[in-house]
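Trainee: Any chance you can model this:
(one chain, ligands or ions: 2)
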Amino acid sequence: MIRKNAASRAPGCRPWLTAVGLLAALLMRGAGAAAPAAAEPTAADAADFLAGAEAALDRENEYLNRAAWVQATDITSDTNWLLAKANAQATDLTVRYAKEAARFDHLKLDEVSARKLYLLKQSLVLPASSRPGASQALADIAARLDTDYSTAKFSYSGRLLTLDDMEDILRTSRDPQETRTLWEGWRAVSAPQMKGDYARLVELANEGSRELGYADTGTLWRSWYDMPPQQFAAKTDSLWSQVEPLYAKLHCYVRARLNEKYGPAVQPAAGPIRADLLGNMWSQSWGNIYDIVAPRNASMGYDLTAALVAHGYDAAKIVHTADDWYQSIGFAPEPATFWQRSMITRPRDREVICHASAWDVDGRQDLRVKACFTVTADDFYTAHHELGHNMYQRAYSDQPFLFENPANDGFDEAIGDFAALNALTPDYLKELGLIDRVPGPEADIPYLLRMALDKVPIVAFAIIVDKWRWGVFSGQITPARYNDAWWELVDKYQRLMPPGPRPADAFDPGAKFHIANNTPYARYFLADIYEFQFYRAACRLAGWQGPLNRCSIYRNREVGARFQAMLKLGQSKPWPQALAAFSGEHDIDAGAIIDYFAPLSAWLERQNRTHACSR
Ligand code: X8Z
Ligand code: ZN
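Mentor: Ligands and ions are numbered 1, 2, ... in the order given. This is a model prediction of the structure:
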């Protein structure tokens, strides 16, 4: 299974490309790709090898994307079978190329070839070993986990609820018995049966990773960032230590307001927050409980979900609005085929993978989005997020195949989030006609609080998802301790507790899409930091003088052109160079998110004076 699709062509969705075995064999022979190693390969051999690999992988990628699209928009035993077969063959092909690339290790090559070989060697998410049957077994398990997650239903109040139905209730329910029932219910129906499959998948992927020279699959995942894997782990820790004080303040403030609303029997004044009270199934973004924690003496001035509903928005109008935003800074509109082929609401007649993703199916601008949008502030954000992937895919589509990827997967997730930071500003919403007047400065703290509820807890959540997987892949977390280790991380970073004791068979990590779907998650941790860096840089370029949270680069084509210049680089250069191309900065810096929320941070400190903030 290769990273390419996971990270770029179909972010956050079932990855992988394919290879028809025969075709692959022919191509590889033709290009000398898997030919027996010559004694002393030359630079010319390396160039031949890369040309062959790029051509073959490009074709397989399209085949796999089409199989994956059909499966994701119509899950049946047959589409699962087709996808698993496509996946297995693509994995075999890519593993062979990745191994073969090592033949050229000792050669001094030009910069482009050297980078292509470097990227090819780490281009898989879940490698399989060359043992016969290994890739098929891995692909079968992956398809099963995906299906378990995407088709789970919970019976509640005489209705059979999908995940999106449950999320919709959790968003607005203020009845702690109901939130608990839904929170526990989702975990009971989606995940416990996954545990055995997950453990086996870990073994198989580790076997594949070791064959490629990585200690385990987590080490492979940490090697995607143009630095040694151990340095990347240290980097995430140091970025977290920059954000942690802000999270702690927000946590303390929210806990006090929940305690006030629900009383100590539901939410004690000290210790962890009850995970089901935060308006989101994974407590990863808390914006939906803004009404509970809003400042007492100042108002944001509007409610975006209510405004969208009042103005008759539907899924199509939300997606068009997002597309218009990108056009305003100089991006081409989504192609006509996007509107014909995308799936933007949940079909009622079949099972689908509802979790949103954005695709470039053929690598030649067959751009699509697959999502089950509802008319909410959450999905207004998600539409901008997904189109960001499409805009990136198109921007780098002129690069050679091995560079047709984002600078890193955190960049990929940050593009649309950067757009949404602009598109959520009151000035812009007023331009859209969604609100009648731009609220005055008294609305800044409420606005920043609303933004912080969505943008700060995700950092804590993102760090635990992949710390858990890194531990699982390294063997430090054994299957017997899967769930306990998960809750130790939740307690340590998110400082949350379950609403009641967890059953012995619980597999709570599996109740999150990206675990069931094997989509790496450190990308969202990085994105949450990059997006504020991009935003700060864009606002500087635009000459913005006011409070950062009010800056909007809507219609600013000059900033848009410079932004596109970064995206066009794809993965052709190490990510610090891409970052510098737009921002002038050469390193990821949590200073930007801290700057953005600085006024709120001071306000939270004042609010927290009246209650103890210790753990
Ligand atoms: O998975 C997503 C996107 C698709 S790449 C909808 N996100 C993460 C999540 O839902 O957990 C966006 C924010 C975090
Ligand atoms: Zn995404």
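Trainee: and for stretch 155-168, what are the contacting residues?
Mentor: Contact with stretch 155-168 is made by 152-154, 169, 181-182, 185-186, 190, 280-281, 346, 354, 372, 374, as judged by CB atoms under 8 Å, 6 or more residues apart in numbering. Every residue, glycine included, has its C-beta placed from N, CA and C.
Trainee: what comes up buried for that stretch?
Mentor: The neighbour-count check on stretch 155-168 (16 or more other CB atoms under 10 Å) flags 161, 162, 163, 165, 166, 167 as buried.
Trainee: Filter those down to just the ones in strands.
Mentor: residue 161 (DSSP state E).
Trainee: if we can go back for a sec, ok, and which of the contacts of stretch 155-168 reach ligand 2?
Mentor: By CB under 5 Å from the ion, no member of the contacts of stretch 155-168 lies near ligand 2.
Trainee: out of those residues, which is most surrounded?
Mentor: Counting neighbours by other CB atoms under 10 Å, residue 190 leads the contacts of stretch 155-168 with 25 neighbours.
Trainee: residues touching it, list them.
Mentor: Residues near residue 190 by CB under 8 Å, 6+ apart: 148, 149, 152, 163, 510, 511, 516.
Trainee: got the phi/psi numbers for the closest residue to it other than its chain neighbours?
Mentor: Spatial nearest neighbour of residue 190, excluding adjacent residues (CB to CB, 6 or more residues apart in numbering): residue 152 at 4.0 Å. In terms of degrees, to the nearest 10, the main-chain angles of residue 152 are phi -60, psi 140.
Trainee: Surely residue 152 touches residue 187?
Mentor: No - at 9.8 Å, residue 152 and residue 187 do not qualify as touching, with contact defined as CB atoms under 8 Å.
Trainee: Would you mind measuring from residue 384 to residue 507?
Mentor: Distance, residue 384 to residue 507, using CB to CB, to the nearest Å: 33 Å.
Trainee: Also residue 246?
Mentor: Counting by CB to CB, the gap from residue 246 to residue 507 is 31 Å.
Trainee: which of those two has more neighbours?
Mentor: residue 507 (25 against 21).
Trainee: Now do the contacts for that one.
Mentor: 191, 192, 194, 195, 198, 482, 483.
Trainee: separation between it and ligand 2?
Mentor: Using CB to the ion, to the nearest Å, residue 507 is found at 24 Å from ligand 2.
Trainee: before we move on, the earlier item: out of the contacts of residue 507, which is nearest to residue 426?
Mentor: Nearest to residue 426 among these: residue 191, at 39.6 Å, using CB to CB.
Trainee: what about the residue lying closest to residue 520 once chain neighbours are set aside, which helix or strand?
Mentor: Closest residue to residue 520 apart from its sequence neighbours, by CB to CB, 6+ apart: residue 221 at 5.3 Å. Counting by DSSP states H and E, the element that carries residue 221 is helix 217-222.
Trainee: Only the buried residues of whichever strand or helix holds residue 599, if you could.
Mentor: In this structure, residue 599 sits in helix 598-607 according to DSSP H and E. If you call a residue buried by 16+ other CB under 10 Å, then helix 598-607 has these buried ones: 600, 601, 603, 604, 607.
Trainee: what does the average pLDDT come to for it?
Mentor: Mean pLDDT, helix 598-607: 98.
Trainee: What of stretch 550-560?
Mentor: In this model, stretch 550-560 has an average pLDDT of 98.
Trainee: Span of stretch 498-516 from start to end?
Mentor: Stretch 498-516 has its terminal residues 20 Å apart, counting by CA to CA, to the nearest Å.
Trainee: how much space between residue 82 and residue 136?
Mentor: Residue 82 is 13 Å from residue 136, by CB to CB.
Trainee: pLDDT score for residue 39?
Mentor: 70.
Trainee: Correct me if wrong, but it is in a helix.
Mentor: No - read with DSSP: H, G, I helix; E, B strand; the rest coil, residue 39 is coil and lies in no helix.
Trainee: helix/strand/coil for the residue nearest to the spatial centre of the chain?
Mentor: Nearest to the mean C-alpha position of the chain, counting by CA atoms, centre = their mean, stands residue 524 at 5.0 Å. Here residue 524 is recorded as helix under three-state DSSP.
Trainee: Quick one: residues contacting the nearest residue to it once chain neighbours are set aside.
Mentor: Once flanking residues are discounted, residue 524 sits nearest to residue 462: 4.4 Å by CB to CB, 6+ apart. By CB under 8 Å, 6+ apart, the contact list for residue 462 reads 284, 521, 522, 524, 525, 528.
Trainee: got it, and residue 526?
Mentor: Here residue 526 is in contact with 408, 409, 410, 411, 413, 414, 588 (CB under 8 Å, 6+ apart).
Trainee: Secondary structure element holding the residue nearest to residue 533 when sequence neighbours are not counted?
Mentor: Leaving aside its sequence neighbours, residue 533 sits nearest to residue 592 (CB to CB, 6+ apart; 4.4 Å). Secondary structure from DSSP H and E places residue 592 in helix 591-596.
Trainee: Who are the packing partners of that helix?
Mentor: When contacts are defined as 3 or more CB pairs under 8 Å, 6 or more residues apart in numbering; DSSP states H and E, helix 591-596 packs onto helix 229-262, helix 522-541.
Trainee: do that again at 10 Å, thanks
Mentor: Secondary-structure packing of helix 591-596 (3 or more CB pairs under 10 Å, 6 or more residues apart in numbering; DSSP states H and E): helix 229-262, helix 444-455, helix 522-541.
Trainee: picking that back up, can you pick out the most distant pair from the buried residues of helix 598-607?
Mentor: Taking CB to CB, no two of the buried residues of helix 598-607 sit farther apart than 601 and 607, at 10.9 Å.
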